[in-house]
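Asks: I'd like to go over a predicted model; first the sequence, then the structure.
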Amino acid sequence: MKTSTTVLSAASLAFALSTAIGLATVPTAAQAADTEKCFGIAMKGKNDCAAGAGTTCAGTSTKDYQGNAWKKVPAGTCEKTASPTSPTGFGQLQAFKEVSQG
């Protein structure tokens with residue numbers, strides 16, 4: 001094999017591999033549709049992006065089970081997930097004002 005052919009083959013392999021890895025990490029629309037935002041279940045500093053007042057993005061919730069902080073969960077599981085600060089005792093699909101824990 002010639003050196004130029006070897007270099008070309010190695011470059012082609014590297015490109016194909018990086019493309020495959022890149023495509024594997026991109027969520028599809030179907031995957032996104034299979035999740036929902038669940039408010040009131042995130043632990044302090046463990047929320048996903050775009051929480052409510054007092055937070056700016058992922059990891060900025062200031063307390064456990066904060067009513068305006070959310071996590072992405074599999075669709076249909078939010079309202080079955082325990083949340084001691086929620087009026088219903090479970091995660092909510094909308095932000096809420098926390099009830100006292102105790």
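Replies: On my side now, so go ahead.

Asks: helices of this protein, residue ranges please.
Replies: 3-25, 29-33 (DSSP state H).

Asks: now do residue 61 against residue 76, distance only.
Replies: Counting by Cβ to Cβ, to the nearest Å, the gap from residue 61 to residue 76 is 23 Å. All C-beta atoms are positioned from the backbone trio N, CA, C, and that covers glycine.

Asks: neighbour count: the two, which is higher?
Replies: Shown here are residue 61 and residue 76; by other Cβ atoms under 10 Å, residue 61 has more neighbours (24 against 10).

Asks: surely residue 78 meets residue 41?
Replies: Yes: under the criterion of Cβ atoms under 8 Å, residue 78 makes contact with residue 41 at 7.4 Å.

Asks: mind listing the shared neighbours of those two?
Replies: Residues within reach of residue 78 and of residue 41 at once, by Cβ atoms under 8 Å, 6 or more residues apart in numbering, are residue 91.

Asks: and the residue nearest to residue 34 when sequence neighbours are not counted, its phi and psi?
Replies: Of all residues not flanking residue 34 in the chain, residue 75 sits nearest, at 5.3 Å (Cβ to Cβ, 6 or more residues apart in numbering). Here is the backbone geometry of residue 75 (degrees, to the nearest 10): phi -50, psi 140.
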